[in-house]
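Colleague: model this:
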Amino acid sequence: MTDFRRLIEDRLRKLEDMAESSQAATATVELDQTRQGRLSRIDALQGQEMAKAAEQRRSQSVQRLKAALRRLDQGDFGECLDCGETIAEARLAADPASTLCLGCAENRERGR
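Modeller: Next up is the predicted model:
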């Protein structure tokens, strides 16, 4: 059986490392026309927005993984929140923050 605690903690560490390395990319863009042209500023602003979006996704992943750790501590990790059945180990290994079994996830995607 997979050691999900270690898997989750490893992923959290990687996400935290990514956050440290991406801080410069989300910094305020200087609009000094003497140092860069208009297109360079546009590129810099676009890069900043992309970095902010990536940071938001990273933050959401961290929250989901921390919630998975809480479920592990509470003893209900791996139980589907909709039907209560066990989530397949392969699904949890791919995404340990999964809260739904495959069937319930598919039903939600179809709007059922």
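Colleague: report pLDDT for the residue positioned nearest the centre of the chain.
Modeller: For the chain, the residue whose C-alpha lies nearest the mean C-alpha position (CA atoms, centre = their mean) is Ser61; its distance is 2.2 Å. If you check Ser61, the pLDDT there is 96.
Colleague: surely it meets Leu15?
Modeller: Yes - judged on CB atoms under 8 Å, Ser61 makes contact with Leu15 at a distance of 5.8 Å. C-betas here are computed from N, CA, C, even on glycine.
Colleague: what ranges of this protein fall below the confidence cut-off?
Modeller: Along the chain, the parts satisfying pLDDT under 70 run over 1, 21-39.
Colleague: what's downstream of the lengthiest helix in the chain, the next helix or strand?
Modeller: In the chain, with assignment by DSSP state H, the single longest helix is helix 38-74. Going down the chain from helix 38-74, the next helix or strand is helix 89-94, by DSSP states H and E.
Colleague: list the buried ones in that following helix?
Modeller: If you call a residue buried by 16 or more other CB atoms under 10 Å, then helix 89-94 has these buried ones: Leu92.
Colleague: for Leu100, phi and psi?
Modeller: Geometry field for Leu100 lists phi and psi as phi -130, psi 140, criterion degrees, to the nearest 10.
Colleague: again, but for Ile87
Modeller: Main-chain dihedrals, Ile87, degrees, to the nearest 10: phi -80, psi 140.
Colleague: isn't it right up against Arg71?
Modeller: No - the pair Ile87 and Arg71 does not pass the contact test of CB under 8 Å, sitting 10.6 Å apart.
Colleague: quick check: neighbours shared by those two?
Modeller: Overlap between the neighbourhoods of Ile87 and Arg71 consists of 78-79, taking contacts as CB atoms under 8 Å, 6 or more residues apart in numbering.
Colleague: higher neighbour count, the two?
Modeller: Ile87 (22 against 19; other CB atoms under 10 Å).
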